[in-house]
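Trainee: My questions are about this predicted structure, shown below with the sequence.
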Amino acid sequence: MPFARVAPGSVRDRSHPARPRITELRLSAFAGHRGAGFGLGPVTLFAGGSGSGKTSALRAYEALARLGGGAAVGEVFLDPGACVPDRARPDGQRRRGFRIGCTTDGPEGPVRLDVAVQAEPELRIVGERLTSGGLVLLETALRDPSRRTVQAAWHTAGSAPVTRAPLPDDRLGTALLPLRVAGKTDGQRQVLAAAEQTVVALRSVFACDPRPGRMRAPVPTGSGRLLPGCDNLADVLWRTRAECGRRHAQFVAAVRAGCFGTVTDVLAEPLGDGTVRGLLDRGDGFRTAFGRLGDGELRYVALALVLLTGPGVLDVDAAGEVPEAMQTLTVLADAFDRSLDPGQRSELLRLAARMGDRGHIRFVGAVGDASWAAGAEGITVVHLDP
């Protein structure tokens, strides 16, 4: 499939160097992509028609994030056959697979992670490479297909140049290194620092696709963490409105800019049966329940809240051992502009750019047409052709 390439390093993103972040997504062989490398800025839009590969790019990003969080490969790729490149033929042992990777930047400089996954006949990670400055810090390979392990070698630079040991073939080796590397030599400490940067950059990812049909009805209280479909938006509002008045005021201002009519507040109302419903306060004694809002307004409200919150509010697997000040949340939004009018999508993009400039949020969205975002400051547009 033809595609537009964004060369590594072509996206200038030097802000907040202490915060680990993904600066490139590589789809060497994944679904409809071959040999693709996409530079990612603080706010990135994948643009293209149906079948151009927007959704698969976001799916690969989310898969890397989940692997970085320690998830097993079988939990991440529920339909691995769909990830195999188009027209890929099996080898003599009936094996087919795919390859994905990324580059992170942060205190350790650019660090590359590349992963090879066998999809058939058995799902397993068959190869992995972690490199920095041209130096291979970790490399794994499948030596014996009858065993559920790969042979790993990581940089030591001590009495022996590398350390070799088996690792499980269903987990990302980079995420396991802190449990296996002692950190006694400079080489080992370099490996650990690069692995930590990669894992921290990957883990704080929130794949968001607000579903208005699920947001209109009252929801039970108590969860407090926003789900990817934003079903429990009203319950999360019940929590966030009381937690930080300044942030809530920013959220109300954003909603006011994107919703029809006067908006003086956004609140949640308990109904006495253990449920809560969302409301827009119109300021004249009249309130509009979420159940009466259009799809575009509800998606806009949900996305605005996501961009103004963080891992403590969203249902994400953040790196709990790393201070939040050293992390950046990445929001993935497929069909980002669905149901949004031109004013709403532009306002959300400005909000994403503002939060990205502060270093709190990175945003990767998929849209059919990004001509409306052309020339916008701080926005990276990756054009994909079917």
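Mentor: Perfect, I can see it now.

Trainee: Bridge partners for the residue lying closest to R112 once chain neighbours are set aside, pull those for me.
Mentor: Leaving aside its sequence neighbours, R112 sits nearest to T131 (CB to CB, 6 or more residues apart in numbering; 4.7 Å). C-beta here means a position set from N, CA and C on the backbone, and glycine is covered the same way. Per DSSP bridges, the residues bridged to T131 are R112, V136.

Trainee: residues near T131, how many?
Mentor: Residues near T131, counting by other CB atoms under 10 Å, number 18.

Trainee: May I see the buried residues of stretch 291-302?
Mentor: L293, D295, G296, E297, L298, R299, Y300, V301, A302 (16 or more other CB atoms under 10 Å).

Trainee: List just the nearest of the residues you listed to V205.
Mentor: The nearest member of the buried residues of stretch 291-302 to V205, counting by CB to CB, is A302 at 17.1 Å.

Trainee: Settle this for me: that closest one is touching D231, isn't it.
Mentor: No. Using CB atoms under 8 Å as the test, A302 is too far from D231 to be in contact (9.7 Å).

Trainee: excluding its backbone neighbours, what's nearest the most centrally placed residue in the chain?
Mentor: Nearest to the geometric centre of the chain sits V205, at 3.6 Å (CA atoms, centre = their mean). Leaving aside its sequence neighbours, V205 sits nearest to A65 (CB to CB, 6+ apart; 3.8 Å).

Trainee: Kindly confirm my reading that that neighbour is in a helix.
Mentor: Yes. Applying DSSP: H, G, I helix; E, B strand; the rest coil, one finds A65 inside a helix.

Trainee: Can you report how many residues neighbour it?
Mentor: 25.

Trainee: wait, V73 sits on I125?
Mentor: Yes. Using CB under 8 Å as the test, V73 is close enough to I125 to be in contact (5.6 Å).

Trainee: now what about the worst-scoring helix or strand of the chain on mean pLDDT, what contacts it?
Mentor: Lowest on mean pLDDT, DSSP states H and E among the helices and strands of the chain sits helix 233-243, with a mean of 88. Under the criterion CB atoms under 8 Å, 6 or more residues apart in numbering, residues 210, 215, 218-226, 247-248, 251, 266-268, 270, 276-278, 290, 298, 301-302, 305, 309, 313 lie in contact with helix 233-243.

Trainee: Now the common contact residues for A302 and D231.
Mentor: M215.

Trainee: in the helix or strand following the least confident helix or strand of the chain, what's buried?
Mentor: Sequence order places helix 245-258 as the next helix or strand after helix 233-243, per DSSP states H and E. By neighbour count with 16+ other CB under 10 Å, helix 245-258 contains the buried residues R247, H248, Q250, F251, V252, A254, V255, A257, G258.

Trainee: just these: which has the poorest pLDDT?
Mentor: Ranked by pLDDT, these bottom out at R247 (88).

Trainee: sorry, back to before: angle of the least confident helix or strand of the chain against helix 245-258?
Mentor: Relative orientation of helix 233-243 versus helix 245-258 (axes from the mean of the first three to the mean of the last three CA atoms, to 10 degrees): 130 degrees.

Trainee: Report the buried residues of helix 233-243.
Mentor: L233, A234, D235, V236, L237, W238, R239, T240, R241.

Trainee: what do you get for stretch 148-166?
Mentor: In terms of neighbour count (16+ other CB under 10 Å), stretch 148-166 has its buried residues at T149, V150, A152, A153, W154, H155, T156, V162, T163.

Trainee: Quick check: bridge partners of the closest residue to G97 other than its chain neighbours?
Mentor: Distances taken as CB to CB, 6+ apart place Q118 nearest to G97, at 4.2 Å, with adjacent residues excluded. Beta-bridge partners recorded for Q118 (DSSP bridges): G97, R124.

Trainee: What about Q118, how many residues nearby?
Mentor: Around Q118 there are 22 residues (other CB under 10 Å).
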